[in-house]
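Trainee: The amino acid sequence is not available; the structure is as follows:
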């Protein structure tokens, strides 16, 4: 890989020849349905869109996702082009909804909402990398109500799915009580879900037209 100037917060790891040889044996390319033990401690080296349907069901307790945040990005031989907000939302939904089946439970978030004895805690780690050495510089371990809504967004998967807009921009507001944060969430969902219902209605209408086209085709 050619040397290039990286953004100050870029945390990309650059591997040397010895590193590549070390980790290469751990790579996995899925061609058929696999069992949990077959992917344990392995790195799946292929498109998420190709791998999703080959992964086991109900085997992931905690899932971290780091997609392109709707920016023009180059990933070696692959690239991602910035989309309109609606196109990007549809692109995320395409793979995010399909990932639901691999999670052990998507109902845990709903339990957090309905009982103030439950906690949803965010661990944020700021670090720097030199070669393959990682140095932790700062750690935040806070309840989600300390995260400002300026750095959060709502998703369509499950009940009250919350997403971080950009992992490089996290705003912590310790002045927010859980009650205040939850009431804000309910207001945002009251606006978000009707829009989702409208989108689903449009998709149903679209495929009703597709169905009619094929039913009438001789």
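Mentor: Good, I have the coordinates. Computed from a predicted structure; not experimentally measured.

Trainee: So for residue 64, what's the pLDDT?
Mentor: Looking at residue 64, its pLDDT is 78.

Trainee: how would you label it: helix, strand or coil?
Mentor: coil (DSSP: H, G, I helix; E, B strand; the rest coil).

Trainee: what about it, how many residues close to it?
Mentor: Counted by other Cβ atoms under 10 Å, the residues lying close to residue 64 total 5. Where you see a C-beta, it was placed from the backbone N, CA and C, and this is true even at glycine.

Trainee: Three-state assignment for residue 127, please.
Mentor: Relying on three-state DSSP, one would call residue 127 strand.

Trainee: Got the domain ranges for this structure?
Mentor: Annotated domains of the chain cover 1-104, 118-218 [automatic domain parsing].

Trainee: Next up, the contacts around the residue nearest in space to the middle of the chain.
Mentor: The centroid of the chain falls nearest to residue 65 when counting by Cα atoms, centre = their mean (3.3 Å). Contacts for residue 65 were tallied using Cβ atoms under 8 Å, 6 or more residues apart in numbering; they are 96, 99.

Trainee: Report the separation between it and residue 92.
Mentor: Residue 65 is 9 Å from residue 92, where distance means Cβ to Cβ, to the nearest Å.

Trainee: and for the two, which residues touch both?
Mentor: Counting by Cβ under 8 Å, 6+ apart, no residue touches both residue 65 and residue 92.

Trainee: What residues of the longest helix along the chain count as buried?
Mentor: Using DSSP state H, we find that the single longest helix of the chain is helix 178-216. The neighbour-count check on helix 178-216 (16 or more other Cβ atoms under 10 Å) flags 181-182, 185, 188-189, 192 as buried.

Trainee: CSV for the residues you listed, including distance to residue 16 and pLDDT?
Mentor: Output for the buried residues of helix 178-216, formatted as CSV (distance: Cβ to Cβ, whole Å; pLDDT from 0 to 100):
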residue, distance to residue 16, pLDDT
181, 45, 88
182, 48, 88
185, 46, 89
188, 46, 90
189, 48, 89
192, 46, 89
